[in-house]
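A.B. asks: just a sequence and a predicted model for now, questions to come.
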Amino acid sequence: MTEAEKMLAGLPYDIMDPALKALRRKAHQGVYAYNRSDPLEDHPPSAILKDLLGSLGEDVFVETPFRCAYGVNTHLGDGIYINTGCVILDCARVEIGAKTLLGPAVQIYTAIHPLDPTERAAFVETAKPVTLGRNVWVGGGAILLPGVSVGDNAVIGAGSVIVKDVPANCVAVGNPARVIREITTEERP
């Protein structure tokens, strides 16, 4: 099993593996090109995102600057808006459902660094996927930690830290975030 396969399977993997380093380098080149692109060019920057990301829906807009670790593990649905300063450390799959909005400086992390200092010094880590459902709104500065899932129509308050799953049709805020209320039927799309 390759280190990339281990990474995606949630098994311990060597982050200094040459093949993984090459994938990160390729992603960094794509991110650099995207962040320097002119949105008014004849060749839209979305072409760069199509090459960079695992999948890209229609009518997606990603403000710059944007950062990701691998790119190929990030999957964006249709009609997504990602505001400036988003960081996606996609060591595992990151899936963002259609019509989802991310505020400025949202951070999505999939990497889990070991508590054991010997393992950490050996550059061994694991990763867990992060999933955002359809029509989710994530407020500015929110942080989503490895392994979390956010249900359809949920709202994440600005500055919140998501450490566990958030059900559909709920508002979650705080550090660590907790559900403070359900979104009523009248408030749903």
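C.D. replies: Received it, and whenever you're ready, just let me know what you need.
A.B. asks: not counting sequence-adjacent ones, nearest residue to N175?
C.D. replies: Nearest residue to N175, sequence neighbours excluded (CB to CB, 6 or more residues apart in numbering): V161, at 4.3 Å. Where you see a C-beta, it was placed from the backbone N, CA and C, and this is true even at glycine.
A.B. asks: that neighbour: how many residues sit nearby?
C.D. replies: The number of residues packed near V161 is 17, by other CB atoms under 10 Å.
A.B. asks: residue contacts, it?
C.D. replies: V161 makes contact with A142, I143, L145, G174, N175, P176, A177, according to CB atoms under 8 Å, 6 or more residues apart in numbering.
A.B. asks: against H75, how distant is K21?
C.D. replies: Distance of K21 to H75, given as CB to CB, to the nearest Å: 23 Å.
A.B. asks: kindly report the same for K99.
C.D. replies: 15 Å.
A.B. asks: those two: which has the busier surroundings?
C.D. replies: Between K99 and H75, counted using other CB under 10 Å, the more crowded position is K99 (20 against 17).
A.B. asks: hang on, isn't P65 packed against G85?
C.D. replies: Yes: assessed by CB atoms under 8 Å, P65 is found in contact with G85 at 6.2 Å.
A.B. asks: show me which of the two is the more surrounded one.
C.D. replies: G85 (18 against 14).
A.B. asks: so what does that one look like in phi/psi?
C.D. replies: When read as degrees, to the nearest 10, the backbone of G85 gives phi 80, psi 20.
A.B. asks: and if you look at Y34?
C.D. replies: Backbone torsions of Y34, given as degrees, to the nearest 10, read phi -60, psi -50.
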